[in-house]
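S.K.: prediction below, plus the sequence it came from.
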Amino acid sequence: MENSFALRGDICYSESLTTLSIHPNSYLVCVDGVSAGVHDSLPDEYKHLPVINYEGHLITPGLVDLHMHAPQFAFRGLGMDLELLEWLNTRTFPEEAKYADVTYARAAYTRLIDDLKNGPNTRLGVFATLHLPATLMLMEMLEESGLVSMVGKVNMDRNSPDNLCEASAQQSLADTRRWLGETADRFANTTPILTPRFIPSCSDELLRGIVELQKECNLPVQSHLSENQSEVDWVAELCPGTSCYGDAYRNFGLFGGEVPTIMAHCVWSGEKETALMAEGGVFVAHCPQSNMNLSSGIAPVRRFLNAGVRVGLGSDMAGGCHNSIFRAMSDAVQASKLRWRLVDSADKPLTVEEVFYLATIGGGSFFGKVGSFEPGYELDALVIDDRPLLPPFEAGIAERLARVTYLSDDRHIVRKFARGRQVK
Ligand code: GUN
Ligand code: FE
């Protein structure tokens, strides 16, 4: 019964995209790592469970970072005067090449894990590097942390520097097979996800091989899509005859449907690409801070939501400098306001309630029943001591959530649970 308990406090989770379910001074029951719902008073059947009393604290679902690059934590905040392709070539690829050295990788990943354990995120979609030993080590460290993650050994066999480029499609696929052999059933909370970096880095032969592996092992896939205008133009040259960047992935069989897929960014996705994402059930990882730092643009999130596209939030570490998805939530609201004011007045800005949904159920659905306290959801929870953030007037729970979204930092997260297990 290690993962069975009740938390008492001011509880809040998303009921729908636009509405919150609010429960002052209530009990959130966790049985074997799964929510047994929120109750005004503790039901008799749960009276035997230990009650952890956080009266006066805010309790929310854990947040989901649907897109981050573990090796890039090391250089966050640097190179922020560059756009995507220049930033990849001058900052990102040279840093990632260092992860051939497991001693360097261990030191860098230790700092990352420490940061992640302290913050509000409980679930992660992670890009590692192309290196096998460092990726295995990262997965071991994530498993040890108690966080729940999908981690990808990156595939890249073209248009990359010699020290960060797999020798051939065949070698990339052989390494990926070896990595899957070592990780597929090894961990409880850390599972592999196929990770072709993006179309410019992956030959046709490699993408075809990844699709074969996907079918054979029934694995999810993550990649990048329509982040930057020069990148979009480049993909149009590399994939003649495609109607859009997403269509290029789709032609390989890597765009949703039977294949659970995360595509990061989608800043420049037009109507056709948006329709393909909706049709295939592709998850968009919206990464507003990265999109600002790399001058990529403002993703049309309101249009995605209107079109029925599934959307979660991502840090895109180190395109974004901050791991916290609370920060991504406030950035997403702010970016949507600029889009509304400067780009299209038909796209109404996002609200705090909406970005809370994206940060919890929105991204969480990629992991299954995750991101809510409704009965049957895996129990990821944050206990937030927001007393230092309370205004001098009486504030309701919705207002407190807004204050936490804009003002909190890791110090306010006093406890964190993933799948009912304490992480912090
Ligand atoms: N596209 C391909 N690789 C990357 C990366 O590492 N970061 C971002 N933001 N975009 C990419
Ligand atoms: Fe990225």
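M.R.: Arrived safely. Ligands and ions are numbered 1, 2, ... in the order given.
S.K.: how close does the closest residue to Thr190 other than its chain neighbours sit to Leu180?
M.R.: By the measure of CB to CB, 6 or more residues apart in numbering, the closest residue to Thr190 outside its immediate chain neighbours is Glu143, 4.4 Å from it. Heads up, the C-betas are built off the backbone N, CA and C, glycines and all. With the distance defined as CB to CB, to the nearest Å, Glu143 ends up 16 Å from Leu180.
S.K.: also Pro220?
M.R.: With CB to CB as the criterion, Pro220 and Leu180 are 12 Å apart.
S.K.: would you check that Thr195 makes contact with Val154?
M.R.: Yes - counting by CB atoms under 8 Å, Val154 is a contact partner of Thr195 at 5.1 Å.
S.K.: who touches both of the two?
M.R.: Phe127, Ala128 (CB atoms under 8 Å, 6 or more residues apart in numbering).
S.K.: circling back to that earlier point, between Pro220 and Leu180, who's got more neighbours?
M.R.: Comparing Pro220 with Leu180 by neighbour count (other CB atoms under 10 Å), the higher total belongs to Pro220, at 20 against 17.
S.K.: I figured the more buried one hits Leu213, correct?
M.R.: No - here Pro220 does not reach Leu213: they are 11.9 Å apart, not a contact under CB under 8 Å.
S.K.: quick one: common contacting residues for these two?
M.R.: Overlap of the contact sets of Pro220 and Leu213 (by CB under 8 Å, 6+ apart) consists of Leu194.
S.K.: so where's the stretch 1-150 of the chain uncertain?
M.R.: Low-confidence regions of the stretch 1-150 of the chain, defined by pLDDT under 70, span residues 1.
S.K.: how about the residues of it by ligand 1?
M.R.: Those residues of the stretch 1-150 of the chain that sit near ligand 1, judged by CB under 6 Å from any ligand atom, are His69, Leu84, Leu88, Thr92.
S.K.: just the ones of the residues you listed in helices?
M.R.: When those are checked against helices (DSSP state H), the matches are Leu84.
S.K.: could I get the residues of the stretch 1-150 of the chain next to ligand 1 as TSV with distance to Gly241 and neighbour count?
M.R.: Compiled in TSV, those are given as follows (distance: CB to CB, whole Å; neighbours: other CB atoms under 10 Å):
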residue	distance to Gly241	neighbour count
His69	31	26
Leu84	24	23
Leu88	26	25
Thr92	30	21
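S.K.: need the max-distance pair from the residues of the stretch 1-150 of the chain next to ligand 1.
M.R.: Maximum pairwise distance among these (CB to CB): 13.0 Å, between His69 and Leu84.
S.K.: quick one: the helices in the stretch 101-250 of the chain?
M.R.: With DSSP state H, counting those that start in this stretch applied, the stretch 101-250 of the chain shows helices at 102-118, 132-145, 169-183, 204-217, 229-238, 245-252, listed in chain order.
S.K.: the inter-axis angle of the helix or strand just after the last one versus helix 229-238?
M.R.: The helix or strand immediately downstream of helix 245-252 is strand 261-265, counting by DSSP states H and E. Using axes from the mean of the first three to the mean of the last three CA atoms, to 10 degrees, the interaxial angle of strand 261-265 with respect to helix 229-238 works out to 130 degrees.
S.K.: average pLDDT for strand 261-265?
M.R.: Strand 261-265 comes out with an average pLDDT of 99.
S.K.: which outside residues touch the helix or strand following it?
M.R.: Next helix or strand after strand 261-265 toward the C-terminus (DSSP H and E): helix 271-280. Residues from elsewhere that reach helix 271-280 (CB under 8 Å, 6+ apart): 225-226, 243-247, 250, 255-257, 261, 263, 266, 269, 282, 284, 300, 303-304, 307-309.
S.K.: generate a ChimeraX selection restricted to the buried subset of these.
M.R.: What follows is the ChimeraX syntax for the buried subset of the contacts of helix 271-280, where burial is set by 16 or more other CB atoms under 10 Å:
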select :225,226,244,245,246,247,250,255,256,261,263,266,269,282,284,300,303,304,309
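S.K.: for the residue of the chain most remote from its centre, list the residues it contacts.
M.R.: Most distant residue from the mean C-alpha position of the chain: Asp44, 37.6 Å away (CA atoms, centre = their mean). For Asp44, no residue counts as a contact, taking CB under 8 Å, 6+ apart as the criterion.
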